[in-house]
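Chemist: Just a sequence and a predicted model for now, questions to come.
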Amino acid sequence: MRTKLLLAALCGIVFAASSAQAAIKSQVVEYKAGDTTLEGWLVYDDAVSGERPGVVVFPAWWGPSAQDKDVAERLAKAGYVAFVADMYGKGVRPDTIPAAAAESGKYYKDRPLVLARAQAALDQLSNSPRVDGGKLAALGYCFGGMPALDLARSGAPLADVIVFHGSLGTPNPESDKNIKGHVLALHGAADPIVNAEAVAKFEKELTDAGVDWQVVLYGGALHAFTDHVHVQAPDHGIKYDAEADKRSWQAASDLLKSTL
């Protein structure tokens, strides 16, 4: 009896030790898009062996932040490899609303640059030996909705594109026909920045292109309703909403689970 108890105790110690060693790993990754050096994060669960689906995360107009690392860690815990993209360049991290608006504005005016940066991030993710290159998805937050959707519109092999209070428009609606996977837009019904008119236009363009799409509206939610890290500006239509945040994450998780 004592021998059995001792063995059980030893097994428990070994299990606890191995569990303690297994953790969500986050690696800083420098990569290039043309001559520009970018800096993102590759996040994964090192207790999982073999290839697994990959999800590229496109940040809001702040650039890669604690918010995005949290998203990537949640994805890693769910069994994916996540890569947080850098759309701006290493060290370019605006910290005020005017600075973020000015920096992101450069990209709205240069969509080929947006696509090049987005493709570089997807390549970085899909080339990881931990990733199944046949199972890829993209998440975009606010400004990040633009690169996520532009990547899909380029014909990239994405099973899912999910945008949270995202930038939805395109100067080339005909490119929607190139979208191969599902599109899920999770949006605040009271968002004055990407407003109801913009959402309706987006829906029509996707319908005309024959895309498999879904838009979920959260009543009373403003722009940036998932962002609990950065400055709140309700007077400008920017405010965190805990309930919309929770519900939208569940909707995104359900789609990823069903397709990847």
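Modeler: Cool, the structure landed. Residues are numbered from 1 along each chain as shown.
Chemist: alpha carbons only for contacts and neighbour counts from here, please
Modeler: Will do.
Chemist: Which helix or which strand is home to Gln124?
Modeler: Assigned by DSSP states H and E, Gln124 falls within helix 111-126.
Chemist: Is Lys32 bridged to anything, and to what?
Modeler: Thr37 (DSSP bridges).
Chemist: mind checking pLDDT for it?
Modeler: Note for Lys32: predicted pLDDT of 96.
Chemist: Low-confidence bits of the protein, can you list those?
Modeler: Along the chain, segments meeting pLDDT under 70 span 1-22.
Chemist: Apply 50 and report the result again.
Modeler: Residues of the chain meeting the criterion pLDDT under 50: 1-21.
Chemist: Give me the contacts around the helix or strand Leu151 falls within.
Modeler: Assigned by DSSP H and E, Leu151 belongs to helix 145-153. Around helix 145-153, the neighbours that count as contacts under CA atoms under 8 Å, 6 or more residues apart in numbering are 58, 114-115, 118-119, 138-140, 158, 161-170, 175-181.
Chemist: hang on, the earlier thing: now the angle between helix 111-126 and the helix or strand just after the helix holding Gln124, please.
Modeler: As assigned by DSSP H and E, the chain's next helix or strand after helix 111-126 is strand 131-141. In terms of direction (axes from the mean of the first three to the mean of the last three CA atoms, to 10 degrees), strand 131-141 departs from helix 111-126 by 140 degrees.
Chemist: which residues make contact with strand 131-141 from outside it?
Modeler: For strand 131-141, the external contacting residues (CA under 8 Å, 6+ apart) are 51-60, 81, 125-127, 145-148, 157-166, 224, 256, 260.
Chemist: So how do I select the buried members of those in ChimeraX?
Modeler: ChimeraX command restricting these to the buried ones, with burial defined by 16 or more other CA atoms under 10 Å:
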select :52,53,54,55,56,57,58,59,60,81,125,126,145,146,147,148,157,158,159,160,161,162,163,164,165,166,224,256,260
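Chemist: Among the contacts of strand 131-141, which are located in strands?
Modeler: By the criterion of DSSP state E, membership of those in strands covers 52-58, 81, 160-164.
Chemist: any idea which of these is closest to Leu42?
Modeler: Val81 (7.3 Å; CA to CA).
Chemist: looking at it, that closest one is touching Arg130, isn't it?
Modeler: Yes - taking CA atoms under 8 Å as the definition, Val81 is a contact partner of Arg130 at 7.3 Å.
Chemist: intersection of neighbour lists for the two?
Modeler: Arg52.
Chemist: by contact count, what packs against the one helix or strand Glu103 maps to?
Modeler: Assigned by DSSP H and E, Glu103 belongs to helix 97-108. Contacts defined by 3 or more CA pairs under 8 Å, 6 or more residues apart in numbering; DSSP states H and E place helix 97-108 against helix 111-126.
Chemist: got the buried residues for the helix it packs on?
Modeler: Using 16+ other CA under 10 Å as the test for burial, helix 111-126 gives 111, 113-122, 124-126.
Chemist: Stretch 77-95 now?
Modeler: Buried residues in stretch 77-95 (16+ other CA under 10 Å): 79-90, 92-94.
Chemist: Please enumerate the helices of the stretch 151-260 of the chain.
Modeler: In the stretch 151-260 of the chain, the segments counted as helices under DSSP state H, counting those that start in this stretch are 196-208, 242-259.
Chemist: follow-up on the earlier one: next, the angle strand 52-58 makes with the helix holding Gln124.
Modeler: 150 degrees.
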